[in-house]
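In: model the structure of this input:
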Amino acid sequence: MTVRSLSLILVAVVAGAGVAGEPKSEWVRQAVLLRTDDVKPGKLVGKDLVRGDKPLDANDTYVVRAESGDHLELLGGRGWVAKADALLVKQAADFFNDKLKAEPGAIKWLGRRGVARLTGFEFALGAEIRGPKSAAHPAFADLSEAARLDPKCVRWRTALGVLHVQHGEWERAEAEFDEAVRLAPQVAEVYHFRAGLWMARKDADKMVADLNTAIKLDPNVAAYYNLRGVAALVRGQLQTARGDFDQALALDPEDARALGNRAVVLCASQEFDRALVDLEQAIKLDPTDPTAVTSRSNIWRYKKEFRKVLAELERVAALQPTDPEHLRRVAWVLATCPDEAVRNGKRAVDVANRALKLADKNPNPFHYTTLAAAYAETGDFDRAVANQQKALDMLTTTHPTDEPTRLRQEMILLCYKRKEPYRD
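Out: Model prediction:
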């Protein structure tokens, strides 16, 4: 098991992303599994692959850095393999189904199908917890059975740990990662996996402890420095975070996540133009990731380039059309932007209602305060007051100790009672 597989599970790999300047590829920056147990990576000499002596771990998942003809370069300096030896994760479950038909109950095919089913969902540690519980996930039965039949295989343990994290089952995840550490205490990436659990639980101290161990065991993996930089950001240690992101990018200059994270540090230091350079590069590398686009919208807001703010937020909403928060942000700008040319109250009401419908049974107070702002922009202050009051009532439950937020929302309510729209 290598850290390249972790880059898929810890941070989702998004379809369509590629190296800057290269044409779109179905392979580049995608996760792959191997078709056989004896795939030996090597060097590409002209159009020919000169293979090495040591095979890759076929239980692992790898990420493609580049494509050339019939060959793929694996991320992290793992070398080149033939396309014929690789299998896109999204196609892998069917491939392993066929293998299991030929060899029913074979541990390696069960486990690898479980890994394919897990990574195929493209969840990220630390992301929103989604139900139902992990036992209902299609990967669970395969991974559990593989771990039962081969209890010393670290790969099945870490995959189960990730699955439990994705469903908020902290104790079960910790048990799997602890067992992985016990089985392989000198393998750096098991500490990296466990650090992902601490990230989900917002425990920066434990994150740093595990990542320090991972870096001591293997100091040449960009992902370890990137995640440790995130922990430093959580702690408010901007210079420490900057150092880790710089080191991650020295090891992997095409790490879009590290570029985006370093931009956060640069923004905090008000180095907005330098942050824009990093974000432009991150978006070229991964044009379907909403995080860097959202960060760039915040810079345009600071620069008061509000048309660009709206354009960026609309792009993010198009990238993730089922996420109500992205639509809500679009509606907020349409309703409250200081630039009259950007505001559109009627459209803001429509978008805010769509966001509320997407939120379904789990709206937050800010869906209602956004809808209130939209109604206020149209001049419908009765509905604006009603929705703003509903937001304030919800805040009592959702943010009981957040006095600054409550005071701000009360101030907005007073605006509407005076029949004044709110400007952000």
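In: and stretch 343-358, which residues are buried?
Out: Within stretch 343-358, the residues that count as buried by 16 or more other C-beta atoms under 10 Å are 343-345, 347-349, 351-356, 358. Heads up, the C-betas are built off the backbone N, CA and C, glycines and all.
In: which helices and strands does the longest strand anywhere in the chain pack with?
Out: Among the segments of the chain that qualify as a strand by DSSP state E, the longest is strand 62-68. With contacts defined as 3 or more C-beta pairs under 8 Å, 6 or more residues apart in numbering; DSSP states H and E, strand 62-68 has these neighbours: helix 3-9, strand 31-34, strand 71-74.
In: skipping its backbone neighbours, what lies nearest Tyr302 in space?
Out: Phe272 (6.3 Å; C-beta to C-beta, 6 or more residues apart in numbering).
In: for Gly114, give me the pLDDT.
Out: The pLDDT attached to Gly114 in the predicted structure is 89.
In: again with Asp57
Out: For Asp57, the predicted pLDDT is 84.
In: among the helices and strands packed on strand 62-68, where is the model least confident on average?
Out: helix 3-9 (a mean of 34).
In: partner strands of the longest strand of the chain and their direction?
Out: Its sheet considered, strand 62-68 pairs with strand 31-34 (antiparallel), strand 71-74 (antiparallel) by DSSP bridges.
In: so how far is the last one off the chain centroid?
Out: Pointing back at strand 71-74 there. Relative to its chain's centre, strand 71-74 lies at 24 Å (C-alpha atoms, centre = their mean, to the nearest Å).
In: only C-alpha atoms, please: export that strand in PDB.
Out: This file holds the C-alpha atoms of strand 71-74, laid out as PDB (Å, rounded to 0.1, in the frame of the first residue of the first chain):
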ATOM      1  CA  HIS A  71       1.900   4.100 -21.300                       C
ATOM      2  CA  LEU A  72       1.100   5.800 -18.000                       C
ATOM      3  CA  GLU A  73       3.400   7.500 -15.500                       C
ATOM      4  CA  LEU A  74       2.300   7.000 -11.900                       C
END
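In: would JSON lines of the buried residues of stretch 343-358 with distance to Ala372 and secondary structure be doable?
Out: Below are the buried residues of stretch 343-358 laid out as JSON lines (distance: C-beta to C-beta, whole Å; DSSP: H, G, I helix; E, B strand; the rest coil):
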{"residue": "Arg343", "distance to Ala372": "15", "secondary structure": "coil"}
{"residue": "Asn344", "distance to Ala372": "16", "secondary structure": "coil"}
{"residue": "Gly345", "distance to Ala372": "12", "secondary structure": "helix"}
{"residue": "Arg347", "distance to Ala372": "16", "secondary structure": "helix"}
{"residue": "Ala348", "distance to Ala372": "11", "secondary structure": "helix"}
{"residue": "Val349", "distance to Ala372": "10", "secondary structure": "helix"}
{"residue": "Val351", "distance to Ala372": "14", "secondary structure": "helix"}
{"residue": "Ala352", "distance to Ala372": "9", "secondary structure": "helix"}
{"residue": "Asn353", "distance to Ala372": "12", "secondary structure": "helix"}
{"residue": "Arg354", "distance to Ala372": "16", "secondary structure": "helix"}
{"residue": "Ala355", "distance to Ala372": "13", "secondary structure": "helix"}
{"residue": "Leu356", "distance to Ala372": "11", "secondary structure": "helix"}
{"residue": "Leu358", "distance to Ala372": "18", "secondary structure": "helix"}
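In: pLDDT on the host helix or strand of Ala372, on average?
Out: Per DSSP states H and E: Ala372 is located in helix 365-378. Helix 365-378 shows a mean pLDDT of 97.
In: what's it packed up against?
Out: helix 324-336, helix 345-359, helix 381-398, helix 403-417.
In: closest one to Asp38 among those helices?
Out: Nearest to Asp38, of all the helices and strands packed on helix 365-378, is helix 324-336, at 45.2 Å by C-beta to C-beta.
In: ok, Ala92 - contacts?
Out: 33, 112-113, 116, 120 (C-beta atoms under 8 Å, 6 or more residues apart in numbering).
In: what's the most distant pair in these?
Out: Arg112 and Gly120 (12.0 Å).
In: for the two, indicate the residue with more neighbours.
Out: Taking other C-beta atoms under 10 Å, Arg112 and Gly120 do not tie; Arg112 has more neighbours (29 against 18).
In: my read: that one touches Ala58, true?
Out: Yes: contact criterion C-beta atoms under 8 Å: Arg112 and Ala58 qualify, at 7.5 Å.
In: what helix or strand does Lys43 sit in?
Out: strand 42-45.
In: now what about that strand, what contacts it?
Out: Counting by C-beta under 8 Å, 6+ apart, 49-52, 68, 71, 73, 79-81 sit against strand 42-45.
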